[in-house]
Structure formats: C-alpha cells, structure tokens
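K.L.:
fold the following.
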Amino acid sequence: MIKNNENSMRKIIFKQADSEEELLQIADLASKTFSRRSYFDFFEKIRRYQKEDFYFKPEFCFIAKENGKVVSHISITVREVKIGGSVVRLAGISDVCTDKDYRGLGLSKQLMLNAIDYMKKNGFAFSLLYGIPNYYHKFGYIESIPESYFMISRDNILEPEQVDISKYELNIGFDFSLLEDVKRLYQKQYLKCNGIALRPDKNFFYLSLINNHFYYLRDKERGNIVGYFYAWDEYSASFIIKELAVLNESLNSILLSYIKQLAQKYKVYDIKFYIHLDNPYCDFLKDIGAESRSEYRFIGQGGAMTRIIDMKILFEELKNELKNRIINSQFLNKNFTVKINNIDDKKNIFLNYMDGELNILESAKNFDVEINIDNRFFSRVIIGYWNFEKFYKLSGIENDLDIKAIELLNKIFPEFNFYLLKTDYF
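P.N.:
Numbers count the residues shown, from 1 in each chain. Predicted coordinates for the structure are as follows:
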C-alpha cells in the first residue's frame, strides 16, 4: 500500500484509485487533456478500458486529489508481449495528465515515483511508455524503440489485376461475433513478431473503440473473414493503419485498394502503415514501392522509452528465449557462466549454461565472463534496439572484454525488431 503524502503547499492526497467515482473522474480528466476531436469518444474509450481490459485493476491508477477532486493521474497498463520464445509482462505508463490549475506542483513526478515503487513491489520486470522530451529520463527511462512505419502515396497504388473483387465485400464495425476469424488472422500475421501482445479474447474490444474505423473483408461465398484493418488513431486524430492482417498474399492488393478509397475519403495523400516490420504485408508494400521509415530518437527527444524494473525477474521471463539463442549458435555444446553486475541496484545475476540448460542464479562460485550493465541502457539490449556489442561501445559503461566474450554475448543479446502495435499501446 502506498503511503498518503500531503503536498506542502496544498492539501493534496496521493493514493491509488479504489472507487467508481474516482474512475469516472480519471476518465474525465484524461478526456479533457487528450481528446482531439470528440471528448465523448475519448471518455468512452477510457471507460471501456476500465471496464473491459483483461488486465485492468483500479489500483493501477495513481491519483492526486484535493477536496475530493482528482487533479492528477498516472496509470499502469499491463501487456504480455512476445520476445522470441518467451513472454514478458510489460508495465506501460499511460494517460499521464494533470488539471491545468494544478500544473507545476510536481504532482506527476510523485505519481511516477509511486507507480515505479508499485512495479518493484509487485513483480513487474520491464516498463515502456511514450514520453515527452526531457522528462522521463529522471525516472530511469531511455528512448529505445524507433518510430517505424511504411508510407505510400495514393497515386502509386494501382488497382488489383486478375482478381475478382466481386467475390469479396468490405464491412465496417467490430463485434465479438467476428472474434474467432479476426483472432485467427491476428495470430497468423503477428504472433511470430517480437513485441506483439498476447491479446486475450477480451482485449479485442480495442478494435471496437471507434467502430467506424474497423474494416473487415468477407468472402461472400464462404462467409468467413479473410482480412481486416484498423484505420484511425485517437490521440492524433489522424487516418493511419494501426493494425492489418490478411488470410493470404493474394488478398494484399484487394485490401490495399479499399484502404486507398478510404484515404481519398479522408483526404489523406500519403498513407502510413504502423504494422510491425516483420509483418509479411510489409514485403508486399516494399514490392509496390512503399517507403520504409524508421525515425530514431536521440536521448532527450522522447518517444517510445523503456526501463528495466527488476533484472532478476526479467531474465527469468526471458530464459526460454535466451536458451534458444544459445542452442542455435556455435556455443550450443559449451558450458559457461556470465556474471552480470547491475550498477544501479548493486545486484549480481549469473547466466549459467550447463549441458544444454540455462539457469538464472543470484550467486555462483566461478564465472567465465563478467559484464557491468545499468537498467537504462541495457533495456535497449533487451528489446533488440542494440545488440550487446553496441551496448559495449556506446553505453559509456566500463567493461573489459575480449572478442570471444563479445561474440558470445552478441548471440545471447542480438538486434531484432521489437514493435508493440498501436492498437495495444498505452
């Protein structure tokens, strides 16, 4: 339980939400802060999240109150994401907002500290947020995920040839009668991608938040759904493709032709696809001349940022994937122990690989390789933004390693594409 603290200038109480009235006030404050077009649509989005999200708990909402009024808020949003053969429980930070009359009092700072303390005490290993410039670094976060997308101009999209479009119909609006088909397409298209959420059935409700922006392609003869896409971003109030899946590649151009029609309707010339670089649809976009863009953020610029909360728990969650990486390398038949010194919390972790098994230990008598890491820069390694060699060269943390040790650590910690779909974002 987090202590109630009082702001010395005003009678501000810091707590976690525990009533329906507080949840209503949180939705109101967030909607006033973030809605770009419709306060009511955004309010409904927050309320549905509070009621329907599989992971949501009122205690994940950290608030500051004065005289019964919620004046500042931060929420932990939980997702379980794939990294190779492992699943990591991710604690996102979302809807950071303060009433305009209470800004500049340090309320968000205290709520961030309370939220991080809660994560540490409740078994969270890793945190991700989308942050403004020059703020979240003070809490140990660092820019770690590039803004990656494909973009193509409407004029460069040709109508599909040698395909009978009349066999299909485009429909609008998601409801749970569509769940099994949509879930099957989602799993086929995305679940081999790093960073993708293991979405419980309940959490497909995100596709219905603004129902007039979810589209699905139905095979008229068979009646099944063969493709779908979600084409709106609530925070920026703009037409972008946030999620897309098709049954097979023969449907790629058909779905794109419908997207082109909608872009014309919304008067969008350059269409952006935020759909994960490892989605097979990206190969199709490349083939037709779409431009791939990755906007890398420097420290201080903000954007998608990460922080390690608990190194031991994180390595336990990643153990299967780390083991697979070793097994699929030239180090398969070697036995070794890597000692990891965390300079932030002064704790040691040992990766002990022996006879094909990997164990995560807190102590070991002997080790073959020793490295020094920190929670901030090493979070870039965990999600593949850097391989270990880049961490070694760029983090500024002193390590004395030979070529063989770096080669081993690069196999354990390689570069890869990590991307959380905007539909599942915080």
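K.L.:
dihedrals phi and psi, the nearest residue to Ile196 once chain neighbours are set aside?
P.N.:
In space, and not counting its chain neighbours, Ile196 is closest to Tyr190: 4.6 Å by Cβ to Cβ, 6 or more residues apart in numbering. C-beta coordinates here come from the backbone N, C-alpha and C atoms, glycine included. The phi and psi values for Tyr190, taken as degrees, to the nearest 10, are phi -120, psi -30.
K.L.:
who's in contact with Tyr190?
P.N.:
Applying Cβ atoms under 8 Å, 6 or more residues apart in numbering, we find Tyr190 in contact with Ile196, Ala245, His276, Asn279, Leu421.
K.L.:
mind giving me the PyMOL command for buried ones among those residues?
P.N.:
This is the PyMOL syntax for the buried subset of those, where burial follows 16 or more other Cβ atoms under 10 Å:
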select buried, resi 196+245+276+279+421
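K.L.:
of the contacts of Tyr190, closest to Leu408?
P.N.:
In terms of Cβ to Cβ, no member of those lies closer to Leu408 than Ile196, at 28.0 Å.
K.L.:
just the pLDDT at the closest one, thanks.
P.N.:
Looking at Ile196, its pLDDT reads 94.
K.L.:
wait, it sits on Leu420?
P.N.:
Yes: contact status for Ile196 versus Leu420: in contact at 7.3 Å, counting by Cβ atoms under 8 Å.
K.L.:
give me the common contacts of those two.
P.N.:
Val81.
K.L.:
how is the chain partitioned into domains?
P.N.:
Following automatic domain parsing, one gets these domains for the chain: 13-124, 148-295.
K.L.:
is it possible to get CSV of those domains that adds distance to Arg376?
P.N.:
CSV is the format used below for those (distance: least, Cβ to Cβ, whole Å):
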stretch, distance to Arg376
domain 13-124, 13
domain 148-295, 19
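K.L.:
closest to Val369 out of those domains?
P.N.:
domain 13-124 (21.4 Å).
K.L.:
between the two ends of the closest one, how far is it?
P.N.:
By Cα to Cα, to the nearest Å, the extent of domain 13-124 from end to end equals 25 Å.
K.L.:
now stretch 143-158
P.N.:
37 Å.
K.L.:
buried set for it?
P.N.:
Applying 16+ other Cβ under 10 Å to stretch 143-158 flags Glu143, Ser144, Ile145, Pro146, Ser148, Tyr149, Phe150, Ile152, Ile157 as buried.
K.L.:
could I get the pLDDT score of the fourth one?
P.N.:
Right, the one you point to is Pro146. So, for Pro146, pLDDT stands at 91.
K.L.:
which residues does it contact?
P.N.:
Ser294, Glu295, Tyr296, Arg297, Ala304, Tyr385.
K.L.:
same thing but at 10 Å, please
P.N.:
The contact partners of Pro146, by Cβ atoms under 10 Å, 6 or more residues apart in numbering, come to Leu277, Arg293, Ser294, Glu295, Tyr296, Arg297, Gly303, Ala304, Tyr385, Asn417, Phe418, Tyr419.
K.L.:
can you tell me which of the residues you listed are in strands?
P.N.:
Arg293, Ser294, Glu295, Gly303, Ala304 (DSSP state E).
K.L.:
Asp101 - nearest residue in space that isn't next to it in sequence?
P.N.:
The nearest residue in space to Asp101 (Cβ to Cβ, 6+ apart) is Val71, at 7.6 Å.
K.L.:
Lys188 belongs to a helix?
P.N.:
Yes: Lys188: assigned to a helix according to DSSP: H, G, I helix; E, B strand; the rest coil.
K.L.:
ok, it to Leu198 distance?
P.N.:
14 Å (Cβ to Cβ, to the nearest Å).
K.L.:
helix, strand or coil for the nearest residue to Asp53 once chain neighbours are set aside?
P.N.:
Nearest residue to Asp53, sequence neighbours excluded (Cβ to Cβ, 6+ apart): Asn203, at 6.3 Å. Judged by three-state DSSP, the three-state class of Asn203 is helix.
K.L.:
for the lengthiest strand in the chain, packing partners?
P.N.:
Looking across the chain with DSSP E, the single longest strand is strand 69-83. With contacts taken as 3 or more Cβ pairs under 10 Å, 6 or more residues apart in numbering; DSSP states H and E, strand 69-83 sits against strand 13-16, helix 20-34, helix 39-52, strand 61-66, strand 86-98, helix 107-121, strand 126-131, helix 311-327.
K.L.:
Throw those into TSV and include mean pLDDT, mean neighbour count and distance to Val78, thanks.
P.N.:
Listed next are the helices and strands packed on strand 69-83 as TSV, based on pLDDT from 0 to 100; neighbours: other Cβ atoms under 10 Å; distance: least, Cβ to Cβ, whole Å:
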stretch	mean pLDDT	mean neighbour count	distance to Val78
strand 13-16	98	18	15
helix 20-34	97	18	16
helix 39-52	92	17	12
strand 61-66	98	23	12
strand 86-98	96	21	6
helix 107-121	98	18	10
strand 126-131	95	24	10
helix 311-327	97	19	13
